[in-house]
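Asker: compute the structure for the input listed below.
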Amino acid sequence: MLHPPQTLEEARAYRYHVWGGNPKGHPYREGYCAYECYSNDRTMTFYQCSRKMGKGVAGLYCGTHAKKVQPKKP
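Answerer: Numbering: from 1, shown residues only. Okay, the predicted model is just below:
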């Protein structure tokens, strides 16, 4: 994920699984980690992490992805 959301507003505006066949993507699911993961199979499908949120920047991430996302420096 190049620019992970830093606030709840950014997470709500972010679209997951955007590609040519689905140009609008999927909206942020409340209560789940805001990190965008991908499948390791041949399809390379991107999706929102399905773990519960509550850690990291603004409490938007699960314990695993909170370690990967650093807060923006002012």
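Asker: pLDDT below threshold where in the protein?
Answerer: Along the chain, segments meeting pLDDT under 70 span 1.
Asker: can you map out the strands along it?
Answerer: 15-16, 26-27, 36-38, 46-48 (DSSP state E).
Asker: for residue 71, give me its contacts.
Answerer: 6, 57 (C-beta atoms under 8 Å, 6 or more residues apart in numbering). C-betas here are computed from N, CA, C, even on glycine.
Asker: gap between it and residue 51?
Answerer: 20 Å (C-beta to C-beta, to the nearest Å).
Asker: ok so, going back, reformat the strands of the chain as a markdown table; add distance to residue 57 and mean neighbour count.
Answerer: Below are the strands of the chain laid out as a markdown table (distance: least, C-beta to C-beta, whole Å; neighbours: other C-beta atoms under 10 Å):
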| stretch | distance to residue 57 | mean neighbour count |
| --- | --- | --- |
| strand 15-16 | 18 | 16 |
| strand 26-27 | 20 | 14 |
| strand 36-38 | 14 | 16 |
| strand 46-48 | 16 | 16 |
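Asker: distance to residue 63 for those - can I get that in CSV?
Answerer: Listed next are these as CSV, based on distance: least, C-beta to C-beta, whole Å:
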stretch, distance to residue 63
strand 15-16, 20
strand 26-27, 23
strand 36-38, 14
strand 46-48, 16
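Asker: for residue 4, which of the ones you listed is the nearest?
Answerer: Closest approach to residue 4 among these (C-beta to C-beta): strand 36-38, 7.7 Å.
Asker: the closest one pairs with which strands, parallel or anti?
Answerer: strand 46-48 (antiparallel) (DSSP bridges).
Asker: quick check: residue 11 touching residue 29?
Answerer: No - contact between residue 11 and residue 29 fails when scored by C-beta atoms under 8 Å: they sit 9.7 Å apart.
Asker: looking at these two, which is more packed in?
Answerer: For residue 11 versus residue 29, the count of surrounding residues by other C-beta atoms under 10 Å is larger for residue 11: 23 against 14.
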